[in-house]
Every structure is written in structure tokens, then in C-alpha cells.
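[1] can't give you the sequence, but here's the structure:
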């Protein structure tokens, strides 16, 4: 077997904040973090074929907004000369991490003191990630081979908008073996890592972070996790509780799937690196009328009261509570976005040999991911929460009145256009 032409380097750094930061992800969580259950990490993968260099950064955070993406990409460009387009910064999307956004995308309104704490933390993250990127570059080694394999993960991902609706059970694993020994692993799986609920006040990587730790500890390898198109996919209908015991149980199912995939061996990736970027503007939907939001909130409150009186199961109650929170979020974003009509959106494609990686800066519904995989002639993965953030993007004809639809800023006329853009991107250059 001929050796790979690719050089790869890996580095990891702890980005766990001090206690006291506001936490992201749940509007009804008022208290700051009390400490950490498990560390939050930044993991960095450096790839080079001698012509193109790519940096992939995965952060145990809820999102990567434009400011954080730009800060990291510019620092990498200054220090290593790598093109900013070739720096991919993605979030695992844990809802048990610190708030990292100011203004539009913050989970709730912030005090000046909180804003100062967040700015300080972001500066620290950018510095730590930049140092980790340099370490990954300096440690890079020739890869003996790069393999891609898959396995299905049962009992974890569920469609939280349509119970029994679409999910992608496929877990993709990229295994990099180095000349002279040692390995690194990349895991890609689409699911909201929201086993832990708003009552949790401890920093945690939740489902994704714990799954990574299990694989690292079991195999003694470096692991980087990339979430997929998980906008409408979570553990809402698979979890029995929202605590660490349940998070560990479901994370073990993902880690076992990853290890099964690795044992299968998969196929060897051959070829160099190619990067392509598409920038577009996504039209925003008109602001929701305040009187409509008043009526909607009252209607949802009545539904919640009725559901509680009928002893509805927790997943149904959680969905109704989320819809009520969505109305509050919509009100706040209406006031911030006055006069804004579109959001800049950056789609990226990275080809590593015959493997296709597509990134998106937000929360695509999983149907887009399934479309990409069907459209591509090559093995493909979708990476969500990457290189910016535009919020939720529902799929044409799916969802209806749900939390995701209420808080989404994107006009529904863009859903089909975005679908075509993704398919065009993944098909581009394929023969």
C-alpha cells in the first residue's frame, strides 16, 4: 500500500472558563455557572498535501459567530500564513458551555458586566486556539493512510420537530494513521448535544464531549468531533432524563458506534486537498408582528396548561415550553434587527482525496444533510455550526409552527435556493 501524501498534526487545549460566566443555550437558565463537570476543549487538526493547507478547529462551545471566526482565522493567517478561507472553526454546540456571543445571537440580554466577562473570555479562546494551531503545525507528521468508515448509531438522534421524522443515524469516522505509529480520529454525527437541561449549572461538553472522551480513553488516540446538520435533531424522544447519568449513557452509544466503524476499516482516502468557498446573502423574513406574537404566546401558554392537566409526557411539555421561549427570542431579535434585510453566509467545501466535507454556518435541518449525501458521488459529511452563525434553517415543507421556525430569521423563499446551492457545491468538479 502506498503511503499518503498528506501531513497531519493534532493539538488540544483546555478552554474551560472560570465559574461565574453566564451560560448559553437556555433562555430560562438565569444563574451563572458554578464550575465544571468535565473540561471544555479546543481541538485542532492541521492538514497539508504540500500545496494546500487546511486547519479544522472544533470548540466545545454553543456557536461560532462571525467575530470569533474572524478572530481565530486572522490570527492563524498572521502566524502561519494559511489563507483564512482554509481555516474552519466549528462548535460542537453544547448547551452547557459559556455564552460567547454579544448582541443578536446571545441567548438572552446581558449586563455590561457579563459582556465584559465574555469579551475577556473570547480573547483568551482566540489566543489559546492560535497557540494550539501552531502546536498542531509543528507536530505534523506524514500520514501512512487516511481511512473513512461509517456505522449506524441507534437510540440517540430523534427528530424533535416531527416525532418519528427524518434523522441521519450514520456516524462517519476518519482515522488517520501516522508513519511511525499513532493515530488521530475525526467523528461526524448530527445531533443536538442537549441531554443536560437548563437546571445544569456545570460546564460540560454534554453528549458530544463525553463521546469524544470515551473514544480517547478507550483507544488512546486524539479525537476531534464535528456536529452535522442537527437543527431539528436532538435526544428529546430518546433520553429518559436530563442529567449526567443519561448523558454518559447516550454518549457511550455514540462512542461504541465510532469504535465499530473504526474496526470495519472502511476505505483508504487517496488524493490531495481542495478548498472551495461560496458566499451568498440569505434574505431575512419580515419581522413578526407584535400583536401576532402576543396572540401566539397566549395560545401556546394555553396549550401548555392543557398538556400539563392531561399529564402529557416530558418531551411534549418540553416542546411547548421551547415554543414559548421562541416567542421571547423573536421579540428581542425584532428589536435588534431593525432595517437588516439579509445575512452574509459562507459555505465551504473541502475535498480530502475522494472525501467531501461541506460546512455551514448555522443549524440546518437534517434533510439538507441527507440531500447532500444522496447528491454526492463521493463519501460526504456535513459540518454544521461552522464559520459563523445564521441560526436555524428549516427545510422546505418541514416543521410548521415550531421553536425552530419561530426563531429562524431566514425567509422561507431561501430554503429551496440553499438546498440547490449545497447540491451544486458538493457536485462541483465531480466527474
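    Looks like it arrived, so ask away. Computed from a prediction, not measured in an experiment: that's the story for all the values here.
[2] all contacts plus neighbour counts: C-alpha atoms, from now on.
    Will do.
[3] domain parsing for the chain?
    For the chain, automatic domain parsing gives the domain ranges 7-277+344-427, 288-336.
[4] show me which residues of stretch 311-328 are buried.
    By neighbour count with 16 or more other CA atoms under 10 Å, stretch 311-328 contains the buried residues 315-317, 319-328.
[5] before we move on, back to that, and the domains of the chain, which is most packed in?
    domain 7-277+344-427 (a mean of 20; mean count of other CA atoms under 10 Å).
[6] tell me the mean pLDDT for that domain?
    Domain 7-277+344-427 shows a mean pLDDT of 96.
[7] straight-line length of that domain, end to end?
    Distance between the two ends of domain 7-277+344-427: 26 Å, counting by CA to CA, to the nearest Å.
[8] so how far is that domain off the chain centroid?
    Centroid displacement of domain 7-277+344-427 relative to its chain, using CA atoms, centre = their mean, to the nearest Å, is 3 Å.
[9] quick check: which helices or strands does the longest helix anywhere in the chain pack against?
    If you go by DSSP state H, the chain has its longest helix at helix 112-138. The contact analysis (3 or more CA pairs under 8 Å, 6 or more residues apart in numbering; DSSP states H and E) places helix 112-138 against strand 7-14, strand 41-48, helix 66-80.
[10] do you know which of those lies nearest residue 155?
    Proximity to residue 155 (CA to CA) singles out strand 41-48 among the helices and strands packed on helix 112-138, at 26.2 Å.
[11] rewinding a little: nearest to residue 140, out of the helices and strands packed on helix 112-138?
    Nearest of those to residue 140, taken as CA to CA: strand 7-14 at 3.7 Å.
[12] quick one: that closest one to strand 41-48, angle?
    Strand 7-14 runs at 170 degrees relative to strand 41-48, counting by axes from the mean of the first three to the mean of the last three CA atoms, to 10 degrees.
[13] strand 7-14 - contacts with which helices or strands?
    Using 3+ CA pairs under 8 Å, 6+ apart, strand 7-14 is in contact with strand 41-48, helix 112-138, strand 141-152.
[14] okay, those in TSV with distance to residue 170 next?
    Below are the helices and strands packed on strand 7-14 laid out as TSV (distance: least, CA to CA, whole Å):
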stretch	distance to residue 170
strand 41-48	22
helix 112-138	28
strand 141-152	5
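[15] out of the ones you listed, nearest to residue 409?
    Nearest to residue 409 among the helices and strands packed on strand 7-14 is helix 112-138; the distance by CA to CA comes to 23.6 Å.
[16] okay, the angle between that closest one and strand 41-48?
    Using the same axes, to 10 degrees: helix 112-138 against strand 41-48 is 40 degrees.
[17] residues in contact with stretch 5-18?
    Residues outside stretch 5-18 that contact it (CA atoms under 8 Å, 6 or more residues apart in numbering) are 35-36, 39-50, 98, 121, 125, 128-129, 132-133, 135-143, 184, 203, 222, 271-272.
[18] beta-bridge partners for residue 159, please?
    residue 233 (DSSP bridges).
[19] just checking, it touches residue 190?
    No - look at residue 159 against residue 190 with CA atoms under 8 Å: they stay out of range, at 10.8 Å.
[20] what do these two both touch?
    Joint contacts of residue 159 and residue 190 (CA under 8 Å, 6+ apart) are residue 233.
[21] related to what we said a few turns ago, among the buried residues of stretch 311-328, name the ones in helices.
    Per DSSP H, the buried residues of stretch 311-328 map to helices at 315-317, 319-328.
[22] out of these, who's nearest residue 103?
    residue 328 (14.8 Å).
[23] got a pLDDT number for the closest one?
    Note for residue 328: predicted pLDDT of 85.
[24] that one and residue 376, how far apart?
    From residue 328 across to residue 376, the span is 39 Å (CA to CA).
[25] swap in residue 49?
    From residue 49 across to residue 376, the span is 23 Å (CA to CA).
[26] again with residue 155
    From residue 155 to residue 376 the distance is 27 Å (CA to CA).
[27] kindly report the same for residue 350.
    The value you get for residue 350 to residue 376, if CA to CA is used, is 13 Å.
[28] what's the closest non-adjacent residue to residue 149?
    Computed as CA to CA, 6 or more residues apart in numbering, the closest residue to residue 149 that is not its neighbour in sequence is residue 266, at 4.1 Å.
[29] in this structure the one you found contacts residue 147, no?
    Yes - between residue 266 and residue 147 a contact is recorded at 6.1 Å, counting by CA under 8 Å.
[30] who's in contact with residue 244?
    Residue 244 touches 196, 206, counting by CA under 8 Å, 6+ apart.
[31] hmm, I typed the wrong one, I wanted residue 260.
    Residue 260 sits in contact with residue 151, where contact means CA under 8 Å, 6+ apart.
[32] which ones are touching residue 202?
    Residues near residue 202 by CA under 8 Å, 6+ apart: 33-37, 96.
[33] can you check residue 206 too?
    94-96, 193-196, 244, 247.
[34] ok, residue 275 touching residue 347?
    No - using CA under 8 Å, residue 275 is not in contact with residue 347, being 10.8 Å away.
[35] quick one, phi psi at the most far-flung residue of the chain relative to its centre?
    Most distant residue from the mean C-alpha position of the chain: residue 309, 36.0 Å away (CA atoms, centre = their mean). Phi and psi for residue 309, reported as degrees, to the nearest 10, are phi -60, psi -30.
[36] what separates it from residue 393, distance-wise?
    To residue 393, residue 309 is 33 Å away according to CA to CA.
[37] next one: residue 230
    10 Å.
[38] joint contacts of the two?
    Residues touching both residue 230 and residue 393 (CA under 8 Å, 6+ apart): 363-365.
[39] strands - which of those land there?
    363-364 (DSSP state E).
[40] can you redo the shared contacts of residue 230 and residue 393 as JSON lines with distance to residue 409?
    Formatted as JSON lines, the shared contacts of residue 230 and residue 393 follow (distance: CA to CA, whole Å):
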{"residue": "363", "distance to residue 409": "12"}
{"residue": "364", "distance to residue 409": "12"}
{"residue": "365", "distance to residue 409": "14"}
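[41] nearest to residue 427 among the shared contacts of residue 230 and residue 393?
    Among those, and counting by CA to CA, the member closest to residue 427 is residue 364, at 18.9 Å.
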